[in-house]
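Undergrad: Pasted the sequence and its predicted model underneath.
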Amino acid sequence: MQHVEELLREQLVALGEDPSALPPHEIARHMHCGVHHDGMLSYIWKGIPILDVRPEQQDDGSVTWRFFTGETPLQ
């Protein structure tokens, strides 16, 4: 989860936002997270997709998480 938080902060800064200056109610108002049927998470800030987190099942049963920012769109 820490990596997700770091990536979200980076993406907000890239959009010209100062995450440390945003009050919690503004974050709650503008940040949305959607969960897809395959377990992928999509984070959206003010209507702009900023981060997708996709789970990938490994042969040994473990899960690897892949991160896709606005700079590396999920295809």
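TA: Good, I have the coordinates. Just so we're clear, the structure is a prediction, and the values are computed from it rather than from any experiment.

Undergrad: Now the stretch of helix or strand E5 belongs to: average pLDDT?
TA: Following DSSP states H and E, one finds E5 within helix 2-14. For helix 2-14, mean pLDDT is 94.

Undergrad: In terms of secondary structure, what does the biggest strand by length in the chain contact?
TA: The strand spanning the most residues in the chain, taking DSSP state E as the definition, is strand 48-57. Applying 3 or more Cβ pairs under 8 Å, 6 or more residues apart in numbering; DSSP states H and E, one finds that strand 48-57 contacts helix 2-14, strand 41-45, strand 63-69. For glycine as for every other residue, the C-beta is placed from the backbone atoms N, C-alpha and C.

Undergrad: Give the residue spans of this structure that score low on pLDDT.
TA: 71-75 (pLDDT under 70).

Undergrad: now the residue most central in space within the chain, nearest residue through space, not along the chain?
TA: Against the mean C-alpha coordinate of the chain, by Cα atoms, centre = their mean, the closest residue is L51 at 3.3 Å. What sits nearest to L51 in space, not counting adjacent residues and going by Cβ to Cβ, 6 or more residues apart in numbering, is Y43, at 4.2 Å.
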